[in-house]
Each structure stands twice: as structure tokens, then as C-alpha cells.
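J.: Got a predicted model here, sequence first, then my questions.
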Amino acid sequence: MSDDEHYEQGMKVRRSILGDAWVDHTLKNRNEFNTEIQEMITRHVWGEIWTRPAIDHKTRRYMVMSMMIALHQWEEFKLHVRSALSNGFTKNDIKEIILQATVYCGAPAGNHATHEASVVFAEREA
């Protein structure tokens, strides 16, 4: 598959996972400095990895949220919590992800993840 095909495929997956509003926001904010990395992420992460058939998107979401907790990448964690909730995940699903990650990443990470998820839940209820 060509780079252009990976990009187009990646953009479709990216939109389906993160939503049109988020993707449109990131595209609007592209500039000379960040365009290449955004295109590379779209091709590689979304077009080559998220499209692989061995792991379904729900499992990939569980993995990503757990890794974001482990890495303390809270903005990315919240992005994936928001998109998961928009795509059929429940608060209980998110809680289970956090509980599982807490066992392996530690109580401070789990506690903070609970706080960050609560912020997303409050945004959605407002």
C-alpha cells in the first residue's frame, strides 16, 4: 500500500475512533512545523497499526487507555476516554480499565486516572 493509501485509510480510522470534531480541530491547527508529524501519525498509527485485523478496535482502545495511564499521558488518556464514551463504552468499562491499570501501574496512577476520567464524565454531563 502506498503512503497516500495508508494516509487515507488512517484518516478514516482516526475519524471513526476520535470523531470528526477532534480530527477537524487538529487539521485546522496544522502548520509548517507540525504537519509532517501529524501526517506520519495518521499514516503509521491509524493507517498501518489500527487497521491490522488481529486486534479489534475495542481491545485496542483498552490497550491505549491502559498505556496512557502507565505513561501518565493524561491529555491523551482523556481524549481516548471521550472517544470511547462516544463509541459505546460505559463509565463502568472505563472504571474496569482504570482498576486493571492500577494493579500494574500503581495506586497514584490509578487515582489520577480516576480523577481525569471524572473530569471527562462531568464535561459530558454539563
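T.: Everything's here; your move. The shown structure was predicted, so the numbers you read here are calculated from the model rather than taken from an experiment.

J.: Now do the contacts for residue 3.
T.: Residues near residue 3 by C-beta atoms under 8 Å, 6 or more residues apart in numbering: residue 43. Quick note: C-beta positions are derived from backbone N, CA and C, even for glycine.

J.: same thing with the one 3 residues further on?
T.: The contact partners of residue 6, taken as C-beta under 8 Å, 6+ apart, are 43-44, 47-48.

J.: hmm, 10 Å instead?
T.: For residue 6, the contact set (C-beta atoms under 10 Å, 6 or more residues apart in numbering) comprises 39, 42-44, 46-48, 51.

J.: try residue 1
T.: Residue 1 touches 7-9, 43, 47-48, 51, counting by C-beta under 10 Å, 6+ apart.

J.: domains of this protein?
T.: The record, using automatic domain parsing to delimit domains, assigns the chain the ranges 3-49, 57-125.

J.: what would the ones you listed look like in a markdown table with mean pLDDT?
T.: What follows is the domains of the chain, written out as a markdown table (pLDDT from 0 to 100):
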| stretch | mean pLDDT |
| --- | --- |
| domain 3-49 | 94 |
| domain 57-125 | 96 |
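
J.: just those domains: most buried one?
T.: Of all the domains of the chain, domain 57-125 has the most neighbours on average by mean count of other C-beta atoms under 10 Å, namely a mean of 16.

J.: and that one, how far apart are its ends?
T.: Terminal residues of domain 57-125 lie 25 Å apart, using C-alpha to C-alpha, to the nearest Å.

J.: Let's verify residue 30: helix, strand, or coil?
T.: Assigned by DSSP: H, G, I helix; E, B strand; the rest coil, the conformation of residue 30 is coil.

J.: pretty sure it contacts residue 39?
T.: Yes - in this structure residue 30 lies within contact range of residue 39 using C-beta atoms under 10 Å: 8.6 Å.
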